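Give me a 3D structure for the following:
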Amino acid sequence: MARAVASAVLIVLTCVLVPVALLATWVHDIVLDTDRYVATVDPLATDPAIQDAAVHRITEAVGAHVDGQRAAGDIASWLQSQGLPPRAADAIRGLGPQLDSAVNQAVTKTATRVVESDAFATVWNTANRAAHNAVVHALTGQGRGAVGVSDGTVTLDVGTAVDRVKQELVDAGLKPADKIPQVNKQLVLFHSDELAKFRKAAHLLDVVGNWFPVLVVVLGAAGVFLARRRRRALARTALGAAFACLVVAIALIVARRYYLDHLPPKVQSKAAAAAVFDTLVHFLRVSLRTAVVLGVVIALGAYFVGPGRLPVAVRGASDHTADSAARWAAAHHISTGRVGSWALAYRRIITLAVLLIIALVFALWNHPTVLTVLLLVLVLLGVLAVLALLAAAGRTQLHAARGAARPPTDKT
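Residues are numbered from 1 along each chain as shown. Take a look at the predicted model:
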């Protein structure tokens, strides 16, 4: 009784902790790894929503320091001092709004060209690489960078891009742009009043990130080992973990919708906020989908090695097909020699070794995906099919040897 209770507790605990372990891995290997973080956010430089938000913020930063009305007034006053009639000077002062519009159009056009160029992608990539320290700072309280964290708001400094636009405006002949002072314009990327709580959770997950997934696997293995019906326990554990990951994946969808529906006013672009959110949680979503598929695959594997009517029929059909192929090969003088006999004698051990190797490859795979799971399953099925054919050839050779060893019957 105690053994059954302990097994049940460990299995339930494993199912609950599998998505938590994936979250820990995401925090440790994605958010706190500079190269992977940069690779994650690099596509955002060419995202239309991010580019539109960057053009808006850059234009706003530049336009705040180019006053068309004042420039027109200064020009009119100077011309009037040189003898221009007052009425003509007033007409020039009235050109202030048109000058503002022209400057804004020129700034927007230049900013758009800069943002859509490879130069902005380089600036974005460089800034985010430096900003990774700020991401670490946002989650653990350590490091700084171009990304700032304050009162639950995460911002990206676009001052470098503003300087680039300023220089291009000057080069294009808009001399007043040379008087634009140095700015430190921020593009709000993310805001959450719960950031402080996230930092505490992230710090805890970072501490246990290296060992937590291993601990979860050990707990699950212990739960299955203590169960009386281990095959059924394995299937239940796999399906339970898959269901838990599916629940977390659905929770991410709900959280995304809630977040976008409650953006603060300081976040100017909802589309840009959605792009950032989707990009940052992309690998977490991939991990959850992979865990769901892996859980279903393991459960199916545990089912098809069991005594059910369908598994027995499938295995019987496979062996019958393999035997037919082996008899055809023998009839055409195609022999596997000792390999077939060896495969027949050690088929179960070889199968177990192949399973262990596949599991080890999956464990050592750097951030596996659903495609990884399907690929390994195909490899496993292929190896098992070859093993079945070799074992069938061994059986055919054994039957032939026994038939040849029998003494001839006396029919007289």
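
Tell me, please, where in the stretch 1-150 of the chain the pLDDT is lower than the cut-off.
Residue ranges of the stretch 1-150 of the chain with pLDDT under 70: 30-31, 60-107, 130-150.

Do you have the strands of it handy? List them.
147-150 (DSSP state E, counting those that start in this stretch).

show me where it has helices.
2-26, 34-41, 48-63, 68-81, 86-93, 96-115, 118-140 (DSSP state H, counting those that start in this stretch).

Can you tell me the SS state at G306?
coil (DSSP: H, G, I helix; E, B strand; the rest coil).

What is the neighbour count of it?
Neighbours of G306 under the rule other CB atoms under 10 Å: 14. In this view, the C-beta of every residue, glycine as well, is placed from N, C-alpha and C.

and the longest helix seen in the chain, average pLDDT?
The longest helix of the chain (DSSP state H) is helix 370-405. Mean per-residue pLDDT for helix 370-405: 84.

That one packs against which elements?
helix 282-304, helix 309-331, helix 338-345, helix 347-364 (3 or more CB pairs under 8 Å, 6 or more residues apart in numbering; DSSP states H and E).

In it, which residues are buried?
372-373, 376-377, 380, 383-384, 387-397 (16 or more other CB atoms under 10 Å).

try stretch 263-282
Buried-residue list, stretch 263-282, by 16+ other CB under 10 Å: 263, 267, 269, 272-277, 279-281.

quick revisit: can you check what angle separates the longest helix of the chain from helix 338-345?
100 degrees (axes from the mean of the first three to the mean of the last three CA atoms, to 10 degrees).

how about the strands of the stretch 151-300 of the chain, start to end?
Going by DSSP E, counting those that start in this stretch, the stretch 151-300 of the chain shows strands at 153-157, 186-191.

looking at those strands, which has the lowest confidence?
strand 186-191 has the lowest average pLDDT among these, namely a mean of 57.

so who does the closest residue to F243 other than its chain neighbours touch?
Closest residue to F243 apart from its sequence neighbours, by CB to CB, 6 or more residues apart in numbering: C15 at 7.3 Å. By CB atoms under 8 Å, 6 or more residues apart in numbering, the contact list for C15 reads 237, 240-241, 243-244.

Pick out whichever of these sits closest to A6.
Proximity of these to A6, judged by CB to CB, is greatest for T237, which lies at 13.9 Å.

Who are the contact partners of the closest one?
11, 14-15, 220, 223-224.

try it again with 6 Å
11, 14, 220 (CB atoms under 6 Å, 6 or more residues apart in numbering).

need the residues you listed in JSON lines with distance to Y37 and neighbour count, can you?
Shown next, in JSON lines, are the contacts of T237 (distance: CB to CB, whole Å; neighbours: other CB atoms under 10 Å):
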{"residue": "I11", "distance to Y37": "35", "neighbour count": "23"}
{"residue": "T14", "distance to Y37": "29", "neighbour count": "25"}
{"residue": "G220", "distance to Y37": "30", "neighbour count": "23"}
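
Make a markdown table out of these and add distance to L352.
Formatted as a markdown table, the contacts of T237 follow (distance: CB to CB, whole Å):
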| residue | distance to L352 |
| --- | --- |
| I11 | 22 |
| T14 | 22 |
| G220 | 18 |
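
Closest one of those residues to Y346?
For the contacts of T237, the nearest to Y346 is G220 (28.2 Å; CB to CB).

Make sure the closest one is actually in contact with T14.
Yes: applying CB atoms under 6 Å, one finds G220 in contact with T14, separated by 3.8 Å.

ok, residues contacting stretch 372-384?
Contacts for stretch 372-384 (CB under 6 Å, 6+ apart): 293-294, 297, 354, 358, 362, 365.

Quick one, which of the residues you listed are buried?
293-294, 297.

ok, how many other residues are close to A49?
A49 has 16 nearby residues by other CB under 10 Å.

meant to ask about V339
If we define neighbours as other CB under 10 Å, then V339 has 12 of them.

so H333, which of the three states?
Assignment for H333 (three-state DSSP): coil.

do you know how far it is from V377?
For H333, the distance to V377 equals 35 Å [CB to CB, to the nearest Å].

Could you identify the most distant pair in the contacts of stretch 372-384?
Pairwise over the contacts of stretch 372-384, using CB to CB, the maximum falls at V293 and V354, 20.0 Å.

on that earlier part again, dump the buried ones among the contacts of stretch 372-384 into JSON lines; add pLDDT and distance to F212 as well.
Output for these, formatted as JSON lines (pLDDT from 0 to 100; distance: CB to CB, whole Å):
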{"residue": "V293", "pLDDT": "93", "distance to F212": "21"}
{"residue": "L294", "pLDDT": "92", "distance to F212": "17"}
{"residue": "V297", "pLDDT": "92", "distance to F212": "23"}
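
Backbone dihedrals for H367, both of them.
Backbone torsions for H367, taken as degrees, to the nearest 10, come to phi 50, psi 70.

Apologies, that question was intended for R228.
Per degrees, to the nearest 10, the backbone of R228 is at phi -70, psi -40.

Please tell me the pLDDT value assigned to it.
According to the prediction, R228 has pLDDT 86.

same thing with T336?
79.

Equivalent analysis for the one 10 residues further on, please.
Looking at Y346, its pLDDT stands at 86.

For it, what are phi and psi?
According to degrees, to the nearest 10, Y346 has phi -120, psi 30.
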